[in-house]
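Asker: Just a sequence and a predicted model for now, questions to come.
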Amino acid sequence: MECSADIRGRERQIIDLFIAAFTASDGTEEGALIGDFVHRMLHGTPERDLFVFIAVDAGEIVGSVIFSRLIYDRDERVVFILSPLAVATEHQGKGIGQKLVTYGLEALAAAHVDVAVTYGDPGYYSKVGYSQISEAFAAAPFALSRPDGWLAQSLTDTELAPLKGLPRCVEALSNPALW
């Protein structure tokens, strides 16, 4: 398995991967919602605000993770949010997601991103360096249905400090149904 940021010409495969993975785990409606979200991320988000990584095995995309810019209006740090992550159902449980997230976080750090946040399973994301944070520590762009899933990590040598101000995410992620 190889990780890559080269997604040119593979956007449809990436969207289909997310649809299939989320349909299998959460049903047809969720698969369609996430498929539309990923389509809008890939086709409507400025390049400077987006990092997309894929895991490829035997020429097939078996995983993908997307990071997009999250701006805090009173904070100078560069912040990106991981959302979403998918691994093909038949490839789950092999560590592909963790390898892909780690690869992505290393690429973000190399691109001078200061902080990575995500909203997901604390047990899973803690394996790749994320820690739970409160909304007092860093406000979320929308109401969180599971506040225990609000997570962050510093990508620099400095300890993670509270994020200041109100957050604004990219347009594709500005949908309360995704939170």
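Answerer: Thanks, I have it.

Asker: who touches the closest residue in space to residue 60 that isn't next to it in sequence in this structure?
Answerer: The shortest distance from residue 60 to any non-neighbouring residue, by CB to CB, 6 or more residues apart in numbering, is to residue 88 (7.9 Å). All C-beta spots, glycine's among them, are computed from the backbone N, C-alpha and C. Counting by CB atoms under 8 Å, 6 or more residues apart in numbering, residue 88 touches 17, 20-21, 60-63.

Asker: likewise residue 86?
Answerer: If you count contacts by CB under 8 Å, 6+ apart, then residue 86 has 17-18, 21-22, 34, 63-65 around it.

Asker: Quick one: list the elements packing against the longest strand along the chain.
Answerer: Longest strand in the chain by number of residues (criterion: DSSP state E): strand 60-72. Applying 3 or more CB pairs under 8 Å, 6 or more residues apart in numbering; DSSP states H and E, one finds that strand 60-72 contacts helix 11-26, helix 28-44, strand 50-57, strand 79-87, helix 96-110, strand 167-169.

Asker: tell me the most buried of the ones you listed?
Answerer: When you average the neighbours per residue for each of the helices and strands packed on strand 60-72 (mean count of other CB atoms under 10 Å), strand 79-87 leads with a mean of 23.

Asker: and residue 143, helix, strand or coil?
Answerer: Three-state call for residue 143 (DSSP: H, G, I helix; E, B strand; the rest coil): coil.

Asker: swap in residue 8?
Answerer: coil.

Asker: Can you report how many residues lie near it?
Answerer: With neighbours defined by other CB atoms under 10 Å, the count for residue 8 comes to 6.

Asker: pLDDT at it, what is it?
Answerer: At residue 8, the pLDDT value in this model is 95.

Asker: how near is it to residue 42?
Answerer: Separation of residue 8 from residue 42 (CB to CB, to the nearest Å): 11 Å.

Asker: Likewise for residue 152?
Answerer: Taking CB to CB, one finds residue 152 at 24 Å from residue 42.
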